[in-house]
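Asks: Provide a 3D model corresponding to the input given below.
(chains A, B and C)
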Amino acid sequence: MGKRSIVPYGPQHPVLPEPIHLDLVLEDEKVLAAIPSIGFIHRGLESLTSKKDFNEMVYVAERICGICSYMHGMGYCMALEDIMNVEVPRRAEFLRTIWCEMSRLHSHLLWLGLLADGFGFESLFMHSWRLRERILDMFEASTGGRVIFSVNTIGGVLKDMPNDMLKDFVRQLDEMEKEIRDTTSIFLNDYTVKSRLVDVGILTGEDAIRRGAVGPMMRASGINVDMRKNGYAAYNEIDFEVITSNKCDSYARCEVRIGEIFQSIDIIRQAVAKIPDTEINTKVTGMPNGESIIRVEQPRGEAFYHVRANGTKFLDRFRVRTPTFANIPALTQTLQGCQYGDVPLLVLTIDPCISCTER
Amino acid sequence: MQEIKKDMYLIDKAELLQVIMEKKNALWRLCQICCSFPKAENHYEVTYSFANGYDFANYRLIVEKDEDVPSISRVYKSAIYYENEMHELWGLNVENIKVDLHDKLYRIDVETPFIEKEGE
Amino acid sequence: MGQFLPFTKQVLKNLFSAPATTQYPFVAREYPERTRGHVDIDKDNCILCGMCMRSCPPGAINVDRAGKTWTINRFDCVQCGYCVEKCPKKCLSITPGYQEPGPEKVNYSVDVPYEPPKPAAKPAAAPAAAAKPAAPAANAEAKPAEAPAPQA
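Replies: Presented below is the predicted three-dimensional model:
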């Protein structure tokens, strides 16, 4: 038996864009257990419901996270639309779908970059982020923001994308698809990348369920669940297959996310082809009363919104369970028995978004 | 067990462990545990959400202010974090959590739980 | 070669292509027309109703009815656009151009030339208001009693 020691990991670490702290119990170089603690950037967004009215909360909900900001705003609006029985116009649903998929694209490209940075492939990191930049430019042209879009409102969206703008986006995505294919083939085929990813951090399908993993983490363990198949927004009119992998390791997570990049481009194409010409929002009056639970598939996995309203303009409870929070138990599972040098990489493979987690 | 609305059931404390075991044996996934404290009712509501594929079920437990809830972390390991969070941020006592982090899951400067402050 | 050294193609391409970034301080960034940079006010249309102040999520806007000023702390503003949406006179807009950083938070204040309507006891002010060109025409015709009085 080797010597046991406890190593504090984080909150500041070169591979971590955001602070999370792990206490790693090591035996020589092998990790026996990991105890996470979060809360370095806890902002109390959930309890802001007692100070901001339910319309302002749309903007607060969006600021939960800087990457999946669009979907947080959308999930919150969908929950309130459900409570207030608002029928969202079809065009707004399609626009939401397009923006959702663009968010997924930029989130996955960001993650690929961070992963490359995590295993020390700096130029691959730069290339992923160069590709991501064009998506951000598209966001800026369509919503006016690069990170926080502020286009959602209860009852629809605030800004329309004219049809020629949509066509232009599709053309740009077509151009990018080739470049993305070149860059992602390096992740999938390069020897150095493979040597860091293959057979590292195994999470079996049963473990994924027991630990409540969500999103690409779960799909990389061969479980076919994607909340988009529930048909929120306009996903019920779009034809797509859930991408899964049976390899259960870090390479599988990379593979699933890369598959989703191309899938997102395809969904955007389909949505642009089918988008109807209707209004983009409906007027909402009155106060919400009731409760609703909405599940949305974010780039990182299933996000859970529970809104409880009491008939006043302040909500009783706004609960967000973000995908990273659900993936932390799965992370501790994958860390057990891994090498100390693989810890940064394994933390990255859950695509951690700590600001989300702490709200 | 009584159905409040679609996919939402009201259960009481005695039924909780039985429901949880049923879900575990059928390989359901724990989505989340949500603790809320509606001011008008002045009690805690703990909602356990489970999912299996695209099926979805929520079980709600109503807990008085100074009551304890049994921990389910020995059945579902991921419940450790939700239960620690409930205790830390909402002040709800959870008996016997498998890994009790003693209010150290969130490293926040201000004193938790927040619920006490709202009551003042 | 692609199978064994997939990055080689990219490396050769990088050697002979221009950088992907712009030479920032020398080449200015062009913003698309929808960019949410900062909140602008058309002060002639403002009626100092205070809707923007009440709706602002971070509380950056302050409307002083007595002092007739509209003040925004641009460092607190999060460019969400909720005030623009809420404004009943549509006198607010979000335009490109970000706030420049500075050593301290300063308020940006505008004097609004709006006269509150005279109390209902004096309806005689109405004809004078209709003659004023800057007053919003629809408002002056629809509700002459509430139309703004001529400015000083």
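Asks: count the neighbours of the spatially closest residue to A:Leu331 that is not a sequence neighbour for me.
Replies: Of all residues not flanking A:Leu331 in the chain, A:Ile350 sits nearest, at 5.0 Å (C-beta to C-beta, 6 or more residues apart in numbering or on different chains). Glycine gets a C-beta too; all of them are placed from N, C-alpha and C. If you count neighbours by other C-beta atoms under 10 Å in any protein chain shown, A:Ile350 ends up with 26.
Asks: now swap in A:Asp190 and tell me
Replies: 18.
Asks: excluding its backbone neighbours, what's nearest B:Val63?
Replies: B:Tyr44 (4.3 Å).
Asks: surely the one you found meets B:Ser36?
Replies: Yes - between B:Tyr44 and B:Ser36 there is a contact under C-beta atoms under 8 Å: 7.2 Å.
Asks: and the biggest helix by length in chain A, does that touch chain C?
Replies: Taking DSSP state H as the criterion, chain A has its longest helix at helix A:90-118. No - if you take C-beta under 8 Å from any C-beta of the partner chain as the test, helix A:90-118 misses chain C, and the best it gets is 10.8 Å.
Asks: just checking, what packs against that helix?
Replies: Applying 3 or more C-beta pairs under 8 Å, 6 or more residues apart in numbering or on different chains; DSSP states H and E, one finds that helix A:90-118 contacts helix A:69-84, helix A:122-143, strand A:156-157, helix A:163-189, helix A:250-274, strand A:289-298, helix A:343-349.
Asks: just to revisit the earlier point, what do B:Tyr44 and B:Ser36 both touch?
Replies: B:Trp90 (C-beta atoms under 8 Å, 6 or more residues apart in numbering or on different chains).
Asks: go through the helices and strands packed on helix A:90-118 and name the closest to B:Met86.
Replies: strand A:289-298 (17.5 Å; C-beta to C-beta).
Asks: how about the closest one, which residues are buried there?
Replies: Within strand A:289-298, the residues scored as buried using 16 or more other C-beta atoms under 10 Å in any protein chain shown are A:291-298.
Asks: mind listing what the helix or strand following that strand pairs with, with the direction of each?
Replies: Per DSSP states H and E, strand A:289-298 leads on to strand A:301-310 as the next helix or strand towards the C-terminus. Next to strand A:301-310 in the sheet, as set by DSSP bridges, lie strand A:289-298 (antiparallel), strand A:315-321 (antiparallel).
Asks: what's the angle from strand A:301-310 to helix A:69-84?
Replies: Using axes from the mean of the first three to the mean of the last three C-alpha atoms, to 10 degrees, the direction of strand A:301-310 lies 40 degrees away from that of helix A:69-84.
Asks: which strands or helices does the longest helix anywhere in chain C pack on?
Replies: Identified as the longest helix of chain C according to DSSP H is helix C:8-16. Helices and strands touching helix C:8-16, by 3+ C-beta pairs under 8 Å, 6+ apart, are helix A:122-143, helix A:163-189.
Asks: please identify the most buried of those helices.
Replies: helix A:122-143 (a mean of 20; mean count of other C-beta atoms under 10 Å in any protein chain shown).
Asks: where does the prediction get shaky in chain C?
Replies: Judged by pLDDT under 70, chain C has its weakly predicted residues at C:1-5, C:118-152.
Asks: quick revisit: for the longest helix of chain C, list the C-alpha coordinates in PDB.
Replies: The C-alpha coordinates for helix C:8-16 follow below in PDB (Å, rounded to 0.1, in the frame of the first residue of the first chain):
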ATOM      1  CA  THR C   8       0.300  18.800 -40.900                       C
ATOM      2  CA  LYS C   9      -2.000  20.200 -43.500                       C
ATOM      3  CA  GLN C  10      -3.200  22.800 -41.000                       C
ATOM      4  CA  VAL C  11       0.300  23.700 -40.100                       C
ATOM      5  CA  LEU C  12       1.300  24.400 -43.700                       C
ATOM      6  CA  LYS C  13      -1.800  26.400 -44.200                       C
ATOM      7  CA  ASN C  14      -1.100  28.500 -41.100                       C
ATOM      8  CA  LEU C  15       2.400  29.300 -42.400                       C
ATOM      9  CA  PHE C  16       1.100  30.900 -45.500                       C
END
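Asks: in it, what's buried?
Replies: Neighbour count says helix C:8-16 has C:Gln10 buried, by 16+ other C-beta under 10 Å.
Asks: how far away from the center of its chain is that helix?
Replies: Between the centre of helix C:8-16 and the centre of its chain there are 45 Å (C-alpha atoms, centre = their mean, to the nearest Å).
Asks: whether whichever helix or strand comes after it contacts chain A - can you check?
Replies: Going down the chain from helix C:8-16, the next helix or strand is strand C:38-41, by DSSP H and E. No - figure legend: strand C:38-41 not in contact with chain A (C-beta under 8 Å from any C-beta); closest approach 11.6 Å.
Asks: what does the helix or strand just after strand C:38-41 contact?
Replies: Sequence-wise, the next helix or strand beyond strand C:38-41 is helix C:51-55, with elements assigned using DSSP H and E. With C-beta under 8 Å, 6+ apart as the test, helix C:51-55 has contacts from A:55-56, C:61-63, C:82-83, C:86-88, C:92.
Asks: among the residues you listed, which are in reach of chain B?
Replies: Okay, of those, nothing touches chain B (C-beta under 8 Å from any C-beta).
Asks: farthest-apart pair in those, please.
Replies: The largest separation in those, counting by C-beta to C-beta, is between A:Asn55 and C:Asn62 at 20.1 Å.
Asks: kindly report the residues of chain A close to chain C.
Replies: Counting by C-beta under 8 Å from any C-beta, chain A sits next to chain C at A:52, A:55-56, A:59-60, A:62-63, A:123-124, A:127, A:130, A:133, A:137, A:140-145, A:148, A:150, A:153, A:158-159, A:182-183, A:185-186, A:189-191.
Asks: can you put the helices and strands packed on helix C:8-16 in CSV and add mean pLDDT?
Replies: CSV is the format used below for the helices and strands packed on helix C:8-16 (pLDDT from 0 to 100):
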stretch, mean pLDDT
helix A:122-143, 87
helix A:163-189, 87
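Asks: need the ones you listed in CSV with distance to A:Leu32, can you?
Replies: Shown next, in CSV, are these (distance: least, C-beta to C-beta, whole Å):
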stretch, distance to A:Leu32
helix A:122-143, 31
helix A:163-189, 30
